[in-house]
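Chemist: Predicted coordinates and the sequence they were generated for:
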Amino acid sequence: MDIIVSSTSSTPIYEQIVSQIKKYIMNGQLKEGEALPSMRTLAKELRISVITTKRAYEELENAGFIVTVMGKGSFVAKKNLQLIREEQLKEIEYLIEQAVMLAQTNGIPFEELLELLKIMYGEGHYEK
């Protein structure tokens, strides 16, 4: 698991860690029950504070992506497909909201935005 953080990004480091670990879990690169590096190990590898990795792991645990077992470490939680789907829908809703606001600001009518969405979705631009 490669995590890359940027100190020059406007996104806080702990959020960068959270989003990358979520991505690894959602795309199957991190499997159910797989151990994550200890907070100290990850902090050392990334050359950041243990407090930062602790906050990232707490966020992941609160969101249901990992479980922490005292004295044993943190592990990928059993996949809750409903939780993962809800997380993805939240992100999609946010991005669509941004697109709608930009379209409204620039006078692009709903029908044109909808047509653009249909074209992009139908052509499979972003299929994995």
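Modeler: Yep, that arrived. Numbering: from 1, shown residues only.

Chemist: name the element residue 67 belongs to?
Modeler: Take DSSP states H and E as the rule and residue 67 turns out to sit in strand 66-69.

Chemist: how far away is residue 18 from residue 103?
Modeler: 30 Å (CB to CB, to the nearest Å). All C-beta spots, glycine's among them, are computed from the backbone N, C-alpha and C.

Chemist: hey, which helix or strand in this protein has the poorest pLDDT?
Modeler: Lowest on mean pLDDT, DSSP states H and E among the helices and strands of the chain sits helix 81-105, with a mean of 88.

Chemist: next structured bit after it?
Modeler: Counting by DSSP H and E, the element after helix 81-105 in chain order, helix or strand, is helix 110-123.

Chemist: Relative to the whole chain's centre, how far out is that following helix?
Modeler: Distance of helix 110-123 from the chain centroid (CA atoms, centre = their mean, to the nearest Å) equals 25 Å.

Chemist: Please name every helix or strand in contact with it.
Modeler: helix 81-105 (3 or more CB pairs under 8 Å, 6 or more residues apart in numbering; DSSP states H and E).

Chemist: pLDDT score for the residue minimising distance to the centre of the chain?
Modeler: Closest to where the C-alpha atoms of the chain average out (CA atoms, centre = their mean) is residue 19, at 3.1 Å. You'll see residue 19 listed with a pLDDT of 94.

Chemist: Flag every buried residue along the strand holding residue 67.
Modeler: Buried positions in strand 66-69, judged by neighbour count with 16 or more other CB atoms under 10 Å: 66, 68.

Chemist: Can you give the strand pairings for it, parallel or anti for each?
Modeler: Strands adjacent to strand 66-69 in the sheet, as given by DSSP bridges, are strand 73-76 (antiparallel).
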